[in-house]
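>>> coords please:
(2 chains)
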2 protein chains.
Amino acid sequence: MPTVPDPASNKPSDAAGDGTQADDSFPIRQLEIFDNAKGFVDLLGQLSSCPPISDAYFCSRFAELAALGDDHVICVIEDPNTGRIVATGSVFVEKKFLHGCGKVGHIEDVVVDTTSRGRCLGQRVVRFLAEHARAAGCYKVILDCTAELRGFYEKCGFVEKNVQMAMYFHD
Amino acid sequence: MPTVPDPASNKPSDAAGDGTQADDSFPIRQLEIFDNAKGFVDLLGQLSSCPPISDAYFCSRFAELAALGDDHVICVIEDPNTGRIVATGSVFVEKKFLHGCGKVGHIEDVVVDTTSRGRCLGQRVVRFLAEHARAAGCYKVILDCTAELRGFYEKCGFVEKNVQMAMYFHD
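Numbers count the residues shown, from 1 in each chain, chains lettered A, B, ... in the order given. This next block holds a predicted model:
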């Protein structure tokens, strides 16, 4: 869920790809079933523990999430030169009774490949996900991140609200 | 989503009901379709904006959430003396590709009625929800709260991890 590298790891702190040069030649799209072969799961490994997943297991989870329709969307950016997935992020829509049966978007698992930073891919991913939440009728979109990524998300239009607490059952 | 009163409001800071006397005579159970008449939505109003919801609208949202089965559970505690809902909280299960197609539980909207605090109802709600996440196979369960509720959630077994960021589309 954190949109950051696992704080307990030695992963780079710029995993969200807070670059300075937007590069629209890298199109953004929703995750497709063939993206396991394009390095999608390898990329997630730059964020937190993510062992390789068999195609069958990938397809099974893909189908579970696809069944949720617009309530769970994963976007990716593919490098047109290499055919590799170089940025991703997800958003799911939580339906509440609060706020007149309101909806809240939750952004998760934002990561940009270490070799593709400096192109604002992270900002494009976050904006894509936030816009999806807004279009889905959410009254807000939220995420958790390390303190060092606060500035990046402020540039994306977020404000700090609360603290995140966690209870671990296993790694 | 925050498991706390809206920080922008003047709601009491002990909304999670961090009491000292457990009261098992108040049974905990999942939300039922008749709970709108028992003050469930009124109780949520102690947490954040929550205007009254018609029975038809309540039933519609109830059905949407029920369709998610164990992936979205709302628990309540009913006061056996008054028949009113005096504590509630929710947890939903997010399915990821990270952590070998792992799952994460998200606890939301924990609140205890102001007149029922001091009975550890908040702790019972949080433990019920965390146990649901664990039993559902989640590798962790997370929540967001104000800094002043950190101690309450630490007593429930949580540790502080990150900061929560938010983008508001409307109130």
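>>> for chain A, what spans make up the helices?
Assigned by DSSP state H, the helices in chain A fall at A:40-44, A:55-66, A:98-101, A:121-135, A:150-155.
>>> mean neighbour count and distance to chain B added to those helices, as JSON lines?
Placement of C-beta: from N, CA and C, glycine included. Listed next are those as JSON lines, based on neighbours: other C-beta atoms under 10 Å in any protein chain shown; distance: least, C-beta to the nearest C-beta, whole Å:
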{"stretch": "helix A:40-44", "mean neighbour count": "21", "distance to chain B": "5"}
{"stretch": "helix A:55-66", "mean neighbour count": "14", "distance to chain B": "5"}
{"stretch": "helix A:98-101", "mean neighbour count": "20", "distance to chain B": "5"}
{"stretch": "helix A:121-135", "mean neighbour count": "22", "distance to chain B": "5"}
{"stretch": "helix A:150-155", "mean neighbour count": "17", "distance to chain B": "5"}
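>>> in CSV: those, plus mean pLDDT and distance to A:Gly89.
Listed next are these as CSV, based on pLDDT from 0 to 100; distance: least, C-beta to C-beta, whole Å:
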stretch, mean pLDDT, distance to A:Gly89
helix A:40-44, 96, 11
helix A:55-66, 96, 14
helix A:98-101, 95, 24
helix A:121-135, 98, 4
helix A:150-155, 97, 12
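>>> can I get those helices in CSV including distance to A:Arg84?
Formatted as CSV, these follow (distance: least, C-beta to C-beta, whole Å):
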stretch, distance to A:Arg84
helix A:40-44, 8
helix A:55-66, 16
helix A:98-101, 40
helix A:121-135, 12
helix A:150-155, 23
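>>> B:Thr114 is nearest to which of the ones you listed?
Checking the helices of chain A against B:Thr114 by C-beta to C-beta gives helix A:98-101 as the closest, at 17.2 Å.
>>> with respect to B:Arg84, which of the helices of chain A lies nearest?
Nearest of the helices of chain A to B:Arg84, taken as C-beta to C-beta: helix A:98-101 at 18.3 Å.
>>> hang on, isn't A:Cys59 packed against A:Ile33?
Yes. In this structure, A:Cys59 is within contact of A:Ile33 by C-beta atoms under 8 Å, at 6.2 Å.
>>> got any residues that touch both of those two?
Common neighbours of A:Cys59 and A:Ile33, counting by C-beta atoms under 8 Å, 6 or more residues apart in numbering or on different chains, are absent.
>>> bridged to the closest residue to A:Ala136 other than its chain neighbours, which residues?
Nearest residue to A:Ala136, sequence neighbours excluded (C-beta to C-beta, 6 or more residues apart in numbering or on different chains): A:Val93, at 5.2 Å. Using DSSP bridges, the bridge partners assigned to A:Val93 are A:Gly105.
>>> ok, now which ones touch A:Val93?
So A:Val93 contacts A:70-72, A:103-106, A:133, A:136, A:138 (C-beta under 8 Å, 6+ apart).
>>> run a quick neighbour tally on A:Phe34.
11 (other C-beta atoms under 10 Å in any protein chain shown).
>>> of the contacts of A:Val93, which is the nearest to chain B?
Proximity of these to chain B (C-beta to the nearest C-beta) peaks at A:Val104, which lies at 5.0 Å.
>>> what residues sit buried inside stretch A:133-142?
Neighbour counts over stretch A:133-142 (16 or more other C-beta atoms under 10 Å in any protein chain shown) mark A:133-134, A:136, A:138-142 as buried.
>>> for it, C-alpha coordinates in PDB please.
Extracted C-alpha coordinates of stretch A:133-142, given in PDB (Å, rounded to 0.1, in the frame of the first residue of the first chain):
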ATOM      1  CA  ALA A 133     -10.700   8.700  -8.500                       C
ATOM      2  CA  ARG A 134     -12.200  12.200  -9.200                       C
ATOM      3  CA  ALA A 135     -14.000  10.900 -12.300                       C
ATOM      4  CA  ALA A 136     -15.300   7.900 -10.300                       C
ATOM      5  CA  GLY A 137     -17.000  10.300  -8.000                       C
ATOM      6  CA  CYS A 138     -14.600  10.200  -5.000                       C
ATOM      7  CA  TYR A 139     -14.700  13.200  -2.700                       C
ATOM      8  CA  LYS A 140     -11.000  12.700  -2.000                       C
ATOM      9  CA  VAL A 141      -8.000  10.500  -2.800                       C
ATOM     10  CA  ILE A 142      -5.500   9.500  -0.300                       C
END
